[in-house]
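Q: from the sequence below, what's the structure:
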Amino acid sequence: MLKQEILLNEVEAKDLLRKAGIPVIDTRLGRDKNEAISLSREIGFPVAMKIISGDIVHKSDVGGVKLGLADAVQVGKAYDEMMDGVRQKLPAARIIGVSIQKMAPPGVEVIIGMTRDAQFGPVIMFGLGGIMVEVLKDVSFRIVPLTRWDAAEMISEIKGHAILKGFRGQPPVSITALEDLVLKISDFIAQNPQVKELDLNPVIAYPDSALAVDARIVIDFKP
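A: Predicted structure coming up:
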């Protein structure tokens, strides 16, 4: 039987996660410049803007990410620059619009991901986020479904755990909030077998909460 994979755009992925009770930053789809400006005013400045296109995987490489936009003028200028740059580098890309989200306060970045192993089924990954996961490869894995003990253990066993506990004067993050998030992802995956891949990178961890700032979901549909 043929399979069809669909990569949800960022707005679709976050909407799906939000409905499952997973904390994600409010993100809206702006289909043109005027809508992007209007949504930015509704959400509140400063905002981040990212290109939405199924043909663009690495947004930053084509100028498809603009951060810290402080007012409507900056949003409009950033939109024009983004569209011009993307069309020059990838003229055939089908552009849906841009995502608009409020800039999240700084915190400790972690990653939570999921893939489906041919032998073990869905496997959840946890580690330090942002570029750190690419540089340090400091991650842990567990098979779905997870217990509270599993979540606590996979968080504590990464080498960068000291950063989560507070490092060089930085406040510790809420380990409980991270455990809750990992367990919600485990439940979400168990209840949605059509989800083939999931990446939350980064998740911003704070002293009292954790918030997914970016999300990627691949759905495997069997016609």
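Q: quick one, domains of the chain?
A: Domain segmentation of the chain under automatic domain parsing yields 26-102, 106-221.
Q: so where's this protein uncertain?
A: 1-3, 130-136, 222-223 (pLDDT under 70).
Q: distance to residue 16 and mean neighbour count added to the domains of the chain, as a markdown table?
A: For every residue, glycine as well, the C-beta is placed using N, CA and C. Listed next are these as a markdown table, based on distance: least, C-beta to C-beta, whole Å; neighbours: other C-beta atoms under 10 Å:
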| stretch | distance to residue 16 | mean neighbour count |
| --- | --- | --- |
| domain 26-102 | 12 | 17 |
| domain 106-221 | 7 | 17 |
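Q: can you lay out these as TSV showing distance to residue 15?
A: As requested, the domains of the chain are arranged in TSV below (distance: least, C-beta to C-beta, whole Å):
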stretch	distance to residue 15
domain 26-102	8
domain 106-221	10
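Q: among these, which comes closest to residue 19?
A: Closest to residue 19 of those is domain 106-221 (C-beta to C-beta; 9.7 Å).
Q: span of that closest one from start to end?
A: 37 Å (C-alpha to C-alpha, to the nearest Å).
Q: sheet-wise, list the partners of the helix or strand residue 141 falls within with their directions.
A: Element membership for residue 141, per DSSP states H and E: strand 139-143. Note on strand 139-143: by DSSP bridges, its sheet partners are strand 121-128 (antiparallel).
Q: contact partners of the strand it pairs with?
A: By C-beta atoms under 8 Å, 6 or more residues apart in numbering, the residues outside strand 121-128 that reach it are 108-117, 133, 136-144, 146, 154-155, 158, 160, 163, 178, 182, 185-186, 189-190.
Q: what's the answer for stretch 25-42, then?
A: Residues contacting stretch 25-42 (C-beta under 8 Å, 6+ apart): 9-11, 14, 43, 47, 49, 52, 69, 72, 75-76, 79-80, 96-102, 104, 211-213.
Q: hmm, 6 Å instead?
A: 11, 14, 47, 72, 75-76, 79, 97-101, 104, 211, 213 (C-beta atoms under 6 Å, 6 or more residues apart in numbering).
Q: just the residues you listed: which are in helices?
A: Assigned to helices by DSSP state H, the following of the contacts of stretch 25-42 qualify: 11, 14, 72, 75, 76, 79.
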